[in-house]
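> Fold the following for me, if possible:
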Amino acid sequence: MAMETILSDLSVSMTEFKKNPNEALRESAGKTVAVLSHNKPAFYMVPPERYKAMLEMIDDLQLVRVAKERLKQKDRAITVTLDEL
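Numbers count the residues shown, from 1 in each chain. All right, here's what the predicted structure looks like:
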């Protein structure tokens, strides 16, 4: 038996979601909801604020990766003053 992790405290079946998506949204009260198809997550309904926070976190992680890569190349760096920028 294959088990699926559901990354949400709330869930709704695809059938119920399709019947009335606005009801699912209202009942979620701004929380993330797993929409299940055959008892497996098909997608997650994520509030806009949380989605924005997730995108910002991804951007931050990408910037950290770039910064770490550039620090490995600091022997190629040149010195400049703020006025030269």
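> who's in contact with the residue nearest to the spatial centre of the chain?
The residue lying closest to the centre of the chain (CA atoms, centre = their mean) is Met54, at 3.9 Å. If you count contacts by CB atoms under 8 Å, 6 or more residues apart in numbering, Met54 has them with Val46. For the C-beta atoms, the positions are set from N, CA and C on the backbone; glycine is no exception.
> Ok, Ala24 next?
When contacts are counted by CB under 8 Å, 6+ apart, Ala24 touches 12, 16-17, 33, 35, 45.
> Over to Val33?
8, 10-12, 24, 44-45.
> which residue ranges form the helices in this protein?
Listed from the start of the chain, the chain has helices (DSSP state H) covering 14-19, 21-28, 48-71.
> what pairs with the closest residue to Ser28 other than its chain neighbours across the strands?
The shortest distance from Ser28 to any residue other than its chain neighbours is 6.0 Å, reached at Leu10 (CB to CB, 6 or more residues apart in numbering). For Leu10, the beta-bridge partners are Val33 (DSSP bridges).
> any idea which of the contacts of Ala24 is closest to Leu61?
Distance to Leu61 across those (CB to CB) is lowest for Met45, with 23.7 Å.
> Which residues outside stretch 10-20 are in contact with it?
Looking at what lies outside stretch 10-20 - CB under 8 Å, 6+ apart - the contacts are 24, 28, 31-37, 41-42, 45.
> Quote the end-to-end distance of it.
Stretch 10-20 has an end-to-end distance of 16 Å (CA to CA, to the nearest Å).
> With stretch 34-52 instead?
Start-to-end span of stretch 34-52 (CA to CA) is 18 Å.
> Check which residues of that stretch are buried.
By 16 or more other CB atoms under 10 Å, the buried positions in stretch 34-52 come out as 34-36, 44-46.
> what is the mean pLDDT for that stretch?
Mean per-residue pLDDT for stretch 34-52: 96.
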